[in-house]
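**Q** coords please:
(chains A and B)
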Amino acid sequence: MKSITRQKSLEEIEEQLTNLDHVFIVGCGTCTTMTKTGGIDQVLEMKDRLLEIGKRVSGWTVIPIACDEMTEAAMKENSRAIKNANCVLIMTCALGVHRINSYIDRPVVPALDTLFIAVEEAPGYFREVCAQCGQCILGETAGICPITNCHKGLVNGPCGGTNNGKCEVDKEKDCAWTLIYERLKAQGRLDLMRKYYPPKNHHVVLRPRTIKIE
Amino acid sequence: MVSRFRDALNSGRFVVTSEVAPPKGTNIDKMLHHIELLKDKVDAINVTDHQSSVMRFPSLGGCLAIKEQGGEPILQMTCRDRNRLALQAELLLAYTREINNVLCLTGDAVPVGDHKEAKGVFDFDSVQLLRAVRAMESGQDMGGNSLDGPVEFCAGAIVTPEAQPIEPQLIKFEKKVEAGAEFFQTQAIYDLENFSQFMHYARQFPVKILAGIVLLSSARMAKYMNENVPGIFVPEGLIDELGSVAKEEMLAKGIEIAGRMIATLKKDAICDGVHIMAIGKEEVVPDILVAAGL
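**A** Below you'll find the model as predicted:
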């Protein structure tokens, strides 16, 4: 599983850094390194770009896994440089931003947008496979998620916009329901597609979502 | 409730519906003109619901205008823009204003329209919306709560007989029948042989099928639809026929083709009626009816 991110434009980052001229930069050694949005190379590149636009960089670090609790130690280790900055520019996914925010007092500024969670299906090709709806129906849809892979998240079969196995929003995208149909047919389980699925519960876990494991 | 449209469907005669598209703005003159033109010539008039995901005057507003002019409206309802509360609430309002027919649709995707960043709702799908209509008729909303006064609708849906692959669409068609659809208006059909095969299959279900007739206004439009509109297949023969006449004669040729198809569908009793979509050329629908001998 990977958290997929995309770097914000330099203009947007600059806008967020208005009146925040001393910057400490944090990257992540896991997902954003894999996606080349917040690994060492991108952090150093960001440092150069910030210097070019007249910012000062008090330091930088790339935490092995920014979303786990070891981040606290990494923040302590860099506390002097962070204190010397008036903000922390974060090149991790939003999970890392959240972690870091809970350990420091300085304002946090995300340099990335977190897009979705995905699996790497081929080198460099990441595909979203789960929308975390809380009511898994993969057992009835041949292991292909219509909530995630159908543009409209339909549960009762394809819409009329499907065309030769492709989706109406993009001819490059597969119609999830055609894939589900083909796989269920090959498995001799088309009866599952004939079943009626009621509207989904959008509050399986009431938002804001938390869970306590005993 | 008296749905004149349902009576027409059950009368055994060949039923004709058409549709009007509400304007983008408050100038409803053209829509009113089209309603005036069609209301006594067809059995019912659909009002499209932000077709192609383009924000417009609402379907319900168009249906009210049809009622005011003494016509029989079919309320098109997509699941794209409203959650289950809003959809059910609109059905309550429609019923109280004697709008007795509803066409339940999933709706086009948001990014094909003119508010590309809007949230697509799809809280219900077309099958679930049909079930909501039938639940509300029994006096309960989709939350299982009692209604103080139920609704009653002649409810229908759509089907795409030319879709490839066809079987997933037919599975969904059957789910719609099971959910309570009484009538179907099809996506545009042009190949009557293919359509007859579909009808052979569809006849086993207790529903009325109105064949979708989309007016071909030029050879270019026909080619464009073949390349860009899912589930529409215009045979080469028809494109050649349109291309065989001068540019200014093409619309007349398209009217002739539509009329000819409708006449054949009726003569050979292939289906229960037609749904004529003139897409921007609503004023020629009466000419199509004349060409069809209706």
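**Q** CA only for contacts and neighbour counts going forward, please
**A** OK.
**Q** Around chain B, pick out the residues from chain A.
**A** A:151-165, A:168-169, A:177-178, A:181, A:193-196, A:198-200 (CA under 8 Å from any CA of the partner chain).
**Q** which of those residues count as buried?
**A** Taking 16 or more other CA atoms under 10 Å in any protein chain shown as the criterion, what is buried in those is A:151-165, A:168-169, A:177-178, A:181, A:193-194, A:196, A:199.
**Q** need the contact list for A:Val62.
**A** By CA atoms under 8 Å, 6 or more residues apart in numbering or on different chains, the residues touching A:Val62 are A:Val26, A:Gly27, A:Cys28, A:Gly29, A:Gly39, A:Ile40, A:Val43.
**Q** my read is the second one is in a strand, agree?
**A** To tie it back to what came earlier, the one meant is A:Gly27. Yes: counting by DSSP: H, G, I helix; E, B strand; the rest coil, A:Gly27 falls inside a strand.
**Q** That one contacts A:Gly38, doesn't it?
**A** Yes: assessed by CA atoms under 8 Å, A:Gly27 is found in contact with A:Gly38 at 4.9 Å.
**Q** Now the common contact residues for the two.
**A** A:Met91, A:Thr92.
**Q** what's around A:Val88, how many residues?
**A** 30 (other CA atoms under 10 Å in any protein chain shown).
**Q** where exactly do the helices run in chain A?
**A** A:10-16, A:31-34, A:40-52, A:71-77, A:79-84, A:94-101, A:146-149, A:176-186, A:191-194 (DSSP state H).
**Q** May I see the buried residues of the longest one?
**A** Put plainly, it is helix A:40-52. Per 16+ other CA under 10 Å, helix A:40-52 contains these buried residues: A:Ile40, A:Gln42, A:Val43, A:Leu44, A:Met46, A:Lys47, A:Leu50.
**Q** where's the third one relative to chain B, distance?
**A** Computed with CA to the nearest CA, to the nearest Å, the distance linking A:Val43 and chain B is 31 Å.
**Q** how far away is that residue from A:Arg99?
**A** 18 Å (CA to CA, to the nearest Å).
**Q** For chain B, which segments count as helices?
**A** Along chain B, the stretches classed as helices by DSSP H are B:4-10, B:29-38, B:59-68, B:84-96, B:126-137, B:167-179, B:192-202, B:219-228, B:236-243, B:250-267, B:285-291.
**Q** any bit of the fourth one sitting next to chain A?
**A** No: applying CA under 8 Å from any CA, one finds helix B:84-96 separated from chain A by no less than 9.0 Å.
**Q** packing partners for that helix?
**A** When contacts are defined as 3 or more CA pairs under 8 Å, 6 or more residues apart in numbering or on different chains; DSSP states H and E, helix B:84-96 sits against helix B:126-137.
**Q** can you list the domain ranges for chain A.
**A** A:2-116, A:129-194 (automatic domain parsing).
**Q** Can you get me the start-to-end distance on the last one?
**A** Same thing as domain A:129-194. 23 Å.
**Q** Check the stretch 51-200 of chain B for the residue nearest chain A and tell me.
**A** The minimum distance from the stretch 51-200 of chain B to chain A, using CA to the nearest CA, falls at B:Gln164 (5.1 Å).
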